[in-house]
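1. Structure for the following, please:
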Amino acid sequence: MLKTEEPVLFIENKLLYNLPIQGSDTLRDFEVHETANEYPNYILTIRGAPKPVLTIAAYGYMASAAREAVKRLAYEREIFCELVIPTRLAPVDVTPILASTNRTERFLTVEEGGLSFGWGAEVAAQVAEKSNLPVKISRLGALDLPVPASLPLENAVLPSVEDIYRAAEKIVIT
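-> A predicted model of the protein is given here:
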């Protein structure tokens, strides 16, 4: 599975364990591109849509939530996004994210980690430093609190599809 002698940490969301294995139907609305790296990035856009105006980067369960938000944004608001899903978080390959943000000039990171000092903050910083163009950047993450065990409280702390939808809408419209 991994061709490394280095320690590896898998980051998985417990919500993924109860989901059915997703087939090609899950991605029928999307064009999917895979980078040719040992740890590829997947780039999703709505099939046949106009040029994306926003790049979203997300991993794990948040990638699934972002995918749903991308569909809603396209069909409800005609806001077209490019979703970049990395399979390796550190060191993160920002090349496909940069390529996308140089096209869209807007960037949103989405993660379940805390908003402060997390993966999204690092990726946003790299995009800000390395982009060839001025990019409007926003981050969405969990509240800076421990994630509660109670489901209603957990839902209040972690980003939802609706939160992603609103954050994307805000960065595009304002």
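2. Kindly format the C-alpha coordinates of stretch 117-130 as PDB.
-> Extracted in PDB, the C-alpha atoms of stretch 117-130 (Å, rounded to 0.1, in the frame of the first residue of the first chain):
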ATOM      1  CA  PHE A 117      -2.900  26.400  13.100                       C
ATOM      2  CA  GLY A 118      -4.200  23.500  11.000                       C
ATOM      3  CA  TRP A 119      -3.700  22.000   7.600                       C
ATOM      4  CA  GLY A 120      -6.000  24.600   6.000                       C
ATOM      5  CA  ALA A 121      -4.000  27.400   7.400                       C
ATOM      6  CA  GLU A 122      -0.800  26.000   6.100                       C
ATOM      7  CA  VAL A 123      -2.200  25.300   2.600                       C
ATOM      8  CA  ALA A 124      -3.700  28.800   2.500                       C
ATOM      9  CA  ALA A 125      -0.400  30.300   3.500                       C
ATOM     10  CA  GLN A 126       1.400  28.400   0.700                       C
ATOM     11  CA  VAL A 127      -1.100  29.500  -1.800                       C
ATOM     12  CA  ALA A 128      -0.800  33.100  -0.700                       C
ATOM     13  CA  GLU A 129       3.000  32.900  -0.900                       C
ATOM     14  CA  LYS A 130       3.300  31.000  -4.200                       C
END
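3. for stretch 157-174, what is the average pLDDT?
-> The average pLDDT for stretch 157-174 rounds to 97.
4. tell me which residues in that stretch are buried?
-> V157, L158, P159, V161, I164, Y165, A167, A168, E169, I171, V172 (16 or more other Cβ atoms under 10 Å). For the C-beta atoms, the positions are set from N, CA and C on the backbone; glycine is no exception.
5. go on, stretch 98-109?
-> The neighbour-count check on stretch 98-109 (16+ other Cβ under 10 Å) flags L98, S100, T101, N102, T104, R106, F107, L108, T109 as buried.
6. Distance of the second one relative to A65?
-> Think S100. 19 Å (Cβ to Cβ, to the nearest Å).
7. Spit out the contact partners of the most centrally placed residue in the chain.
-> For the chain, A58 is the residue whose C-alpha lies nearest the centre (Cα atoms, centre = their mean; 1.9 Å). Shown in contact with A58 (Cβ atoms under 8 Å, 6 or more residues apart in numbering): A65, A66, L83, V84, I85, T109, V110, E111, I164.
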